[in-house]
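Student: show me the folded form of this:
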Amino acid sequence: MPFRQKLIVLTIALALFMEALDTTIINTAIPAMSLSLHVNPINLKIALISYLLTLAVFIPISGWIADKYGIKKVFIISIGIFTLSSLWCGFAHNLFDLVIARGVQGIGGALGVPLGRLILFRMFERHKLVDIMSHVVMVAALGLMLGPVLGGIITHNLSWPWIFWVNVPVGIFTMLMAGWLLIAMPVEPVAPLDKLGFVLFGASLAGLTFSLSALSESALNFSTVVEVGVVSVLLLVAYVWHSANHPHPIVDPELFKFRSFQVSTVGNLISRIGFGGLPFLLPIVLQISLGYSSQEAGLLMAPLALGILIVKPFSFRLLHDFGYKKMLIVNTALVTFSIWSFMFVNASTPVYLIIIFTFFFGFLLTLQFSAMNSLAYAEISSTQLSGATSVMGTLQQMSQSFGVAIGALLIHFFSKGSSSDFSLTLIVFHRAFFVMGLVTLASMLIFIRLRPEDGRQMLEGTSYFEKRG
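Tutor: The predicted model follows:
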């Protein structure tokens, strides 16, 4: 690969790393932020969800925006939005300011991340993409898991605003690199944006996430929350009906005719709802219930990243040897047991055992992501690849936000039986981990639908895409 192309891959990977890092870097800073902003630690979940939600809402139209206004221009602007909103987050003086700033930051990430992948798809030949994307995805996954580590270290040695301000020099550097290296790609002819579809789809996701999150808020009326949830479901149904009768829908319903795509998307949704809240809850239980400092809690999350690095070279070989069906069924069960292992963590648990638990969780989670995410593209033609990527990106972010909301809801529900009004005791977290494991295990019922030969196209080379394109 020429040196210039390597620099472009590095620039895209850096943008993805920065976005993924900000998804979880806030986790270990939550106790310190709650004291500074005078809110309950669990209530800070809305700052996580607002970021994930805007990612989910705006990712589906990122390709349309890039085609209409130019992919290089939009990519650089998106990094600029992300960088400026990071500066804003650090200066937030209350929860409302932080939530708004995180939402704007999510818009930058929603445009930057899928466009980074789209740049690579348009730059490189098909047969080179598997290897290139595996490295870029690994960098992004590493950022996701390193977030709690860096968040803990920065919060302990500096202060929580610096977890956002560190993005500023990185963002400026990435913008300069993109401006220098990327070639201005021609603007593509695009169909008119399905504005009604975008409103229906975005409003339904926003309402569903809000209602799930608000169920753990004692200040909100329960009936109001349920009404918002019902309206959101109706909006989603309306969108499905609308898209079926629209020539250029936001989400192409034709994609769901493929069994592998169906299984991948639904399995992704359920399993991520199950384990998506774990990176949010683990740093809290380590600090509040077990008394570790933010730096110590962050370091105890580091084995997650180590698990990613170690398993990545073996993930393709394991998939090739076992096939998607067997791999997903067995690994889903192992991820469930990994979640349940944290039920045995208490004040007397040796540090090395916590390290082992977090390492295997990261190890198994990487295998799960590799299998679930790649399976989606097994039957997709090259002309449908862009739409499928948008759907998968939206679904992943949406289910991640749902996972955080449900994790917080479980904590709120189980804490009601404690002697105090809201006590974050170990038993509360242990019960939440048990339910999260059950939800993850339920996704196995989806993966059972696969046939042994499903997904073999992804393991035998990329010529399949070329034939179908």
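Student: and the longest helix for the chain?
Tutor: In terms of residue count, the longest helix belonging to the chain (DSSP state H) is helix 302-341.
Student: I'd like the next helix or strand past that helix.
Tutor: helix 351-375 (DSSP states H and E).
Student: and the residue minimising distance to the centre of the chain, how far from S390?
Tutor: Nearest to the geometric centre of the chain sits Q397, at 4.4 Å (C-alpha atoms, centre = their mean). Computed as C-beta to C-beta, to the nearest Å, the Q397 to S390 distance reads 11 Å. In this view, the C-beta of every residue, glycine as well, is placed from N, C-alpha and C.
Student: rewinding a little: per-residue pLDDT, the residue nearest to the centre of the chain?
Tutor: Note for Q397: predicted pLDDT of 72.
Student: can you give me phi and psi for it?
Tutor: When read as degrees, to the nearest 10, the backbone of Q397 gives phi -70, psi -40.
Student: gap between stretch 292-300 and the chain center?
Tutor: 22 Å (C-alpha atoms, centre = their mean, to the nearest Å).
Student: let me fix that: stretch 89-96
Tutor: Remark: stretch 89-96 is offset 23 Å from the chain centroid, using C-alpha atoms, centre = their mean.
Student: try stretch 395-412
Tutor: With C-alpha atoms, centre = their mean, you get 11 Å for stretch 395-412.
Student: domain assignment for this protein?
Tutor: 1-191, 249-469 (automatic domain parsing).
Student: now the ones you listed in JSON lines, with distance to T224?
Tutor: Shown next, in JSON lines, are those (distance: least, C-beta to C-beta, whole Å):
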{"stretch": "domain 1-191", "distance to T224": "16"}
{"stretch": "domain 249-469", "distance to T224": "16"}
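Student: out of those, which gets nearest to A203?
Tutor: Closest to A203 of those is domain 1-191 (C-beta to C-beta; 8.8 Å).
Student: quick check: mean pLDDT of the closest one?
Tutor: pLDDT averaged over domain 1-191 gives 80.
Student: how far away from the center of its chain is that domain?
Tutor: With C-alpha atoms, centre = their mean, you get 11 Å for domain 1-191.
Student: from what I can see I284 touches A29, true?
Tutor: No. Using C-beta atoms under 8 Å, I284 is not in contact with A29, being 10.8 Å away.
Student: looking at these two, which is more packed in?
Tutor: More neighbours surround A29 than the other of I284 and A29, with 30 against 25 (other C-beta atoms under 10 Å).
Student: how near is that one to F91?
Tutor: Taking C-beta to C-beta, one finds A29 at 15 Å from F91.
Student: any low-confidence regions in the stretch 151-300 of the chain?
Tutor: Across the stretch 151-300 of the chain, residues meeting the criterion (pLDDT under 70) sit at 185-188, 213-221.
Student: spell out, range by range, the helices that occur in the stretch 151-300 of the chain.
Tutor: For the stretch 151-300 of the chain, applying DSSP state H, counting those that start in this stretch gives helices covering 162-165, 167-181, 195-214, 222-244, 259-275, 278-284, 294-300.
Student: quick check: closest non-adjacent residue to T265.
Tutor: L395 (5.5 Å; C-beta to C-beta, 6 or more residues apart in numbering).
Student: contact partners for that neighbour?
Tutor: By C-beta atoms under 8 Å, 6 or more residues apart in numbering, the contact set of L395 is 56, 265, 268-269.
Student: of all the residues you listed, which comes closest to G298?
Tutor: Relative to G298, the closest of these is A56; by C-beta to C-beta it sits at 26.5 Å.
Student: the closest one: neighbour count?
Tutor: That count, for A56 with other C-beta under 10 Å as the rule, works out to 26.
Student: ok, R317 next?
Tutor: 10.
Student: ok, now A347?
Tutor: A347 sits with 8 neighbouring residues when counted by other C-beta under 10 Å.
Student: correct me, but it touches L286?
Tutor: No. Using C-beta under 8 Å, A347 is not in contact with L286, being 11.2 Å away.
Student: how close does S78 sit to S85?
Tutor: From S78 to S85 the distance is 11 Å (C-beta to C-beta).
Student: shared neighbours, those two?
Tutor: 107-108.
Student: measure Q400 to W180 for me?
Tutor: Shown here: Q400 relative to W180, a distance of 33 Å by C-beta to C-beta.
Student: could you pull up the residues touching the residue nearest to N167 when sequence neighbours are not counted?
Tutor: Once flanking residues are discounted, N167 sits nearest to S86: 3.8 Å by C-beta to C-beta, 6+ apart. By C-beta under 8 Å, 6+ apart, the contact set of S86 is 22, 105, 164-165, 167-168, 171.
Student: again, 7 Å this time
Tutor: 105, 164-165, 167-168, 171 (C-beta atoms under 7 Å, 6 or more residues apart in numbering).
Student: count of residues packed around W160?
Tutor: Neighbour tally, W160, other C-beta under 10 Å: 25.
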